[in-house]
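Asks: From the sequence below, what's the structure:
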Amino acid sequence: MYSPTMAVPLQTKYTLSPITNNIPRSHRPSLLRVRVTCSLTPGKKSHRPNHEKLVLEKRLVNPPPSDDPTLQSTWTHRLWVAAGCTTVFASFAKSVIGGFGSHLLLEPPLAGVAGYILADLGSGLYHWAIDNYGDESTPLVGTQIEAARGHHKWPWIITKRQFANNSYALARGMTFTVLPLVLACNDPVVHGFVSTFAFCILLCQQFHAWAHGSRSSLPPLVVAFQDMGLLLSRRQHVNHHRHQLTYMSYCIVSGVWNNILDDNKIFEALEKVLYVQFRVRPRSWSDQNSE
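Replies: This next block holds a predicted model:
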């Protein structure tokens, strides 16, 4: 007997062949599959269903091809990278000129070393945050969060992104952050730190992409820097994708902080603190439960 409280879910899947056939192949970033869900819920006064709900869920089922327009650089991307590099260079110039003018030959380079080391830590904190919190609707960084989720699904895609496409968001952030310091501050030590830190953060996505490339495809100097531990290496970064359920090795400049943070479970502790304080679960917990 049909119960008045019973709901009948019906699910089926159809590919969008009639639609995609009308779209040129060069403009298809990926194949889409639509899940059609029909829930039939009977009314209170009838044993016959009188309410139908249609839900369409769009899901990416294949990675975008290497010539997908979303992987290409636009002039907007290039302009932001140019603005970021110019701003960072202005900071570096102030450090060099101010250092010689003040007879400070040691302090600015030491500040630069500190900037380089802390940039690796900063990249790890940011990487951890966008991997675990927020979604595509998050203000300012929503597109980066969505890209990070796609990167974990198809890691090799980052090697297909053009340079400006991969780096423009960080370049834009560095422009707005460093430019006020360039205009307001003349301290060569401050600029020694700021210029190096900003340079490494601006390029960290490129360092990240190199860590996904094969040795034979990389410039020899990049391979040498990776072997010396000055840039993130493929050997070290593989831990981040091999252990996705524990989300290790977030730092992507040199990776020097990864062992320290992973061995001491720093990010796990931060996740627990945020959960206790705000009841916000990191994405890594959901991924663990889904396996």
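Asks: What ranges does the stretch 1-150 of the chain have for its helices?
Replies: Here the stretch 1-150 of the chain has its helices, by DSSP state H, counting those that start in this stretch, at 17-20, 75-101, 107-132, 142-153.
Asks: what mean pLDDT would you report for the first one?
Replies: So that's helix 17-20. Regarding helix 17-20, the rounded mean pLDDT is 42.
Asks: Quick check: nearest residue in space to residue 117, chain neighbours excluded?
Replies: Distances taken as C-beta to C-beta, 6 or more residues apart in numbering put residue 256 closest to residue 117, at 6.8 Å, once the chain neighbours are dropped. Yep, even glycine has a C-beta here, placed from its N, CA and C like the rest.
Asks: The helices of the stretch 1-150 of the chain: which one's closest to residue 198?
Replies: helix 75-101 (4.8 Å; C-beta to C-beta).
Asks: Would you mark the buried spots in the closest one?
Replies: By neighbour count with 16 or more other C-beta atoms under 10 Å, helix 75-101 contains the buried residues 77-78, 80-81, 83-85, 87-88, 90-92, 94-95, 98-99.
Asks: out of those, which one sits closest to residue 119?
Replies: residue 88 (11.7 Å).
Asks: you'd agree that closest one is up against residue 198?
Replies: Yes - here residue 88 reaches residue 198: they are 4.8 Å apart, a contact under C-beta atoms under 8 Å.
Asks: quick one: common contacting residues for those two?
Replies: 174, 178 (C-beta atoms under 8 Å, 6 or more residues apart in numbering).
Asks: wait, which of the buried residues of helix 75-101 is closest to residue 185?
Replies: residue 94 (8.0 Å).
Asks: and the gap between the closest one and residue 184?
Replies: 11 Å (C-beta to C-beta, to the nearest Å).
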